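Asker: A predicted structure for the sequence below; I have some questions about it.
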Amino acid sequence: MAEIDTSSGGGHKKGPGVKKGKKLSTRVDLTPMVDLGFLLITFFVFTTTMSQPTAMNMNEPKDNDPTNEKKVKQSGAMTILLGRSNQVYYYFGQLDETKLSEQFKSTTFKDIRSVILDKKKNTPIDDLMYIIKSDSLSTFKNSIDILDEMSISAVPPGHYAEVDISPVERTLIQRTEESNGIK
């Protein structure tokens with residue numbers, strides 16, 4: 001704690017031959033203060049709540065029940081394909097091999113939001129369905145980004161789904177990337 005040095009000689013007399021009294025000095029022992037500091041730090045570390053991670057709610061089917069499948073109208077379907085190098089490909093309805101050059105379109109993540117919003121605006125909500133398919137060369141970040149775009153565009157849950165890519169679509173992506181020089 002604190003203590004006062006009282007090692008001076010005698011009383012407070014004045015006059016000849018009387019030694020002058022030393023000034024008293026104080027010395028504060030800070031050891032208990034350090035202990036108190038560590039106790040406070042420990043208390044605050046143990047009593048604070050850490051930030052909780054936030055996650056996006058996903059509606060996933062409970063099992064592969066064919067009777068519970070949702071039928072999609074071709075007029076309300078939009079398929080989004082994720083390729084390499086942050087490329088996004090899309091088409092509306094079902095692919096028609098005679099009209100591939102007109103149907104199969106390419107864009108980037110910067111412009112896909114406007115395409116999603118246009119489709120949402122021009123399609124009745126009951127018919128609207130976005131089908132998301134990832135190529136084996138696309139990144140996980142791209143899958144998360146497209147789900148974020150669905151959330152930002154306020155597409156209701158149940159109106160988008162992640163599905164496996166078909167071999168025809170994979171071939172289309174590869175040919176398009178080769179012709180555009182995307183590596």
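Answerer: Received it, and whenever you're ready, just let me know what you need.
Asker: hey, let's count contacts and neighbours off CA atoms from now on
Answerer: OK.
Asker: can you give me the helices in this structure?
Answerer: For the chain, the helices defined by DSSP state H cover 31-47, 100-103, 109-122, 140-152, 167-180.
Asker: closest to residue 24 out of those?
Answerer: Residue 24 sits nearest to helix 31-47 of all the helices of the chain, at 22.1 Å, using Cα to Cα.
Asker: Rebuild the helices of the chain as a markdown table, extending it with mean neighbour count.
Answerer: Listed next are the helices of the chain as a markdown table, based on neighbours: other Cα atoms under 10 Å:
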| stretch | mean neighbour count |
| --- | --- |
| helix 31-47 | 11 |
| helix 100-103 | 12 |
| helix 109-122 | 14 |
| helix 140-152 | 15 |
| helix 167-180 | 14 |
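Asker: and these as CSV, adding distance to residue 78?
Answerer: Shown next, in CSV, are the helices of the chain (distance: least, Cα to Cα, whole Å):
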stretch, distance to residue 78
helix 31-47, 50
helix 100-103, 11
helix 109-122, 8
helix 140-152, 12
helix 167-180, 14
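Asker: Would you single out the least confident of the ones you listed?
Answerer: Ranked on mean pLDDT, the bottom entry among the helices of the chain is helix 100-103, at a mean of 76.
Asker: For that helix, give me every contacting residue.
Answerer: 91, 92, 95, 96 (Cα atoms under 8 Å, 6 or more residues apart in numbering).
Asker: any idea which of those residues is closest to residue 107?
Answerer: Nearest member of those to residue 107, counting by Cα to Cα, is residue 91, at 11.0 Å.
Asker: picking up where we left off before, out of the helices of the chain, which gets nearest to residue 160?
Answerer: Short answer: helix 140-152, nearest of the helices of the chain by Cα to Cα, at 7.9 Å.
Asker: Now tell me what touches the closest one from outside.
Answerer: Against helix 140-152 from outside (Cα under 8 Å, 6+ apart): 82, 86, 109, 113, 116, 134, 160.
Asker: change it to 10 Å
Answerer: Helix 140-152 is contacted by residues 56-58, 80-88, 109, 112-114, 116-117, 130, 132-134, 139, 153-157, 159-162 when judged by Cα atoms under 10 Å, 6 or more residues apart in numbering.
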